[in-house]
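**Student:** Turn this into a structure:
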Amino acid sequence: MIRSLIGAAIGRRIAGRSGGGGRGALIGAAAPFIARRAFGPLGLAVAGAWGAKKLYDRRQRSRAATTTTTAL
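**Tutor:** Okay, the predicted model is just below:
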């Protein structure tokens, strides 16, 4: 059921942009299948890399703020 709701939301958004309901319905129907394939091992690797990058950026900002504070 959640798959259907997500597919419908994606299809509505695509149809709203292009003005064609047929294409939006087709993409909306295919979206759960694409999501299931995309969030396998490759999706986990991408999500892990994204999380590591966020953590790295946060630590860099924290270090820069500490350096700036101690320099004053």
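**Student:** Got the domain ranges for the chain?
**Tutor:** According to automatic domain parsing, the chain is divided into the following domains: 1-38, 39-72.
**Student:** which stretch in these has the least confidence?
**Tutor:** Least confidently modelled of these is domain 1-38, at a mean of 69 by mean pLDDT.
**Student:** max-length helix in this structure?
**Tutor:** In the chain, ranked by residue count with DSSP state H as the criterion, the top helix is helix 41-71.
**Student:** helices and strands around it, which ones?
**Tutor:** Contact here means 3 or more C-beta pairs under 8 Å, 6 or more residues apart in numbering; DSSP states H and E; on that basis helix 41-71 packs against no helix or strand. In this view, the C-beta of every residue, glycine as well, is placed from N, C-alpha and C.
**Student:** And residue 33, how close does it get to residue 53?
**Tutor:** Relative to residue 53, residue 33 is positioned 28 Å away (criterion: C-beta to C-beta, to the nearest Å).
**Student:** and what of residue 67?
**Tutor:** Residue 67 is 21 Å from residue 53, where distance means C-beta to C-beta.
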